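>>> What follows is a predicted structure for the sequence shown.
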Amino acid sequence: MAIVAQENIAKELASGRSVPFIGLRDGPYPPQGLPRRTFKTNLAIKQGLEQLDLVNYGSAHTDGDTIIYVALANIAVVGDVFSNPYYPVIDLSSGGSIDGLIYTVDQILAHINTETKIIPGHGLPANRADLEAYRNMMVSVRDRVRSLIAAGKSREQVVAADPTRDFDVKWGGGYVPSATFVEMVFASLTAADQQN
């Protein structure tokens with residue numbers, strides 16, 4: 001069986017990485033654990049009567065996320081782009097960004113319908129309404145953090161302003177505490193500002 005991955009993930013697996021904010025160290029993987037087949041933006045794989053469409057929309061959770069659409073079964077496997085119902089990890093060290101995460105979720109929503117079964121990277125299987133709620137939460141938190149940054153607030157002040165307060169009951173029960181998610185959003189937005 002061949003391991004298939006987006007080309008950026010293949011590089012990350014070979015070199016190893018650390019994920020800031022959550023203290024994760026991963027890899028490097030041995031040669032037998034590395035992808036033998038890679039793709040940049042999309043790849044179609046036939047499996048019997050079914051076709052798997054693998055798509056990378058750019059930077060999201062990382063810069064190597066793969067969304068898998070299983071057309072006949074009407075399934076979208078979205079990996080760590082969506083944790084249900086948890087705050088996401090924005091892996092800045094691997095090219096992730098809050099804006100990219102929202103963009104990717106928007107692309108998934110444009111591709112699916114109300115009957116699509118969504119398989120997240122963590123948590124419970126979901127539907128379109130769950131993914132829309134997740135997207136709306138991320139947009140609200142991003143916009144609040146952006147406004148606080150524009151007002152000259154430091155990272156500590158932004159966290160203290162509690163921009164996730166009305167989302168914590170639903171999304172705050174996972175391994176990413178609300179303060180950590182806010183720090184990730186802050187770091188993502190300030191890194192984007194420095195690049196512009």
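Here it is on my side, so go on.
>>> Identify each buried residue in the longest helix along the chain, please.
The residue-count maximum for a helix in the chain (DSSP state H) belongs to helix 128-150. By 16 or more other Cβ atoms under 10 Å, the buried positions in helix 128-150 come out as 128, 130-131, 133-135, 137-138, 141-142, 144-146, 148-149. The C-beta positions use only the backbone N, C-alpha and C, and glycine is treated the same way.
>>> Same question for stretch 76-94.
76-92, 94.
>>> Could you do stretch 170-179 as well?
W171, G172, G174, V176, P177, S178.
>>> Pipe those into JSON lines and attach secondary structure, pLDDT and distance to L54 per row.
Below are those laid out as JSON lines (DSSP: H, G, I helix; E, B strand; the rest coil; pLDDT from 0 to 100; distance: Cβ to Cβ, whole Å):
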{"residue": "W171", "secondary structure": "helix", "pLDDT": "97", "distance to L54": "27"}
{"residue": "G172", "secondary structure": "strand", "pLDDT": "95", "distance to L54": "31"}
{"residue": "G174", "secondary structure": "coil", "pLDDT": "90", "distance to L54": "26"}
{"residue": "V176", "secondary structure": "coil", "pLDDT": "93", "distance to L54": "26"}
{"residue": "P177", "secondary structure": "coil", "pLDDT": "95", "distance to L54": "32"}
{"residue": "S178", "secondary structure": "helix", "pLDDT": "97", "distance to L54": "32"}
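>>> of all those, which comes closest to Q6?
Proximity of those to Q6 (Cβ to Cβ) peaks at V176, which lies at 22.6 Å.
>>> For the closest one, which residues are in contact?
V176 sits next to I22, S83, Y86, Y87, P88, V89, M184 when contact means Cβ atoms under 8 Å, 6 or more residues apart in numbering.
>>> picking that back up, for the longest helix of the chain, what is the distance to the chain centroid?
13 Å (Cα atoms, centre = their mean, to the nearest Å).
>>> Packing partners of whatever helix or strand comes next after it?
Later in the chain than helix 128-150, the nearest helix or strand by DSSP states H and E is helix 155-160. Helices and strands touching helix 155-160, by 3 or more Cβ pairs under 8 Å, 6 or more residues apart in numbering; DSSP states H and E, are helix 128-150, helix 178-195.
>>> what packs against the longest strand along the chain?
When the chain is scanned for its longest strand (criterion: DSSP state E), the result is strand 75-84. In terms of contacts (3+ Cβ pairs under 8 Å, 6+ apart), strand 75-84 is packed against strand 67-70, helix 98-111, strand 117-123, helix 128-150.
>>> Just tell me which of the ones you listed ends up closest to L13.
Of the helices and strands packed on strand 75-84, nearest to L13 by Cβ to Cβ is strand 117-123, at 16.1 Å.
>>> got the angle between the longest helix of the chain and strand 117-123?
Counting by axes from the mean of the first three to the mean of the last three Cα atoms, to 10 degrees, helix 128-150 lies at 50 degrees to strand 117-123.
>>> mind checking pLDDT for the nearest residue to T62 once chain neighbours are set aside?
Nearest residue to T62, sequence neighbours excluded (Cβ to Cβ, 6 or more residues apart in numbering): S94, at 3.9 Å. What the model reports as pLDDT for S94 is 87.
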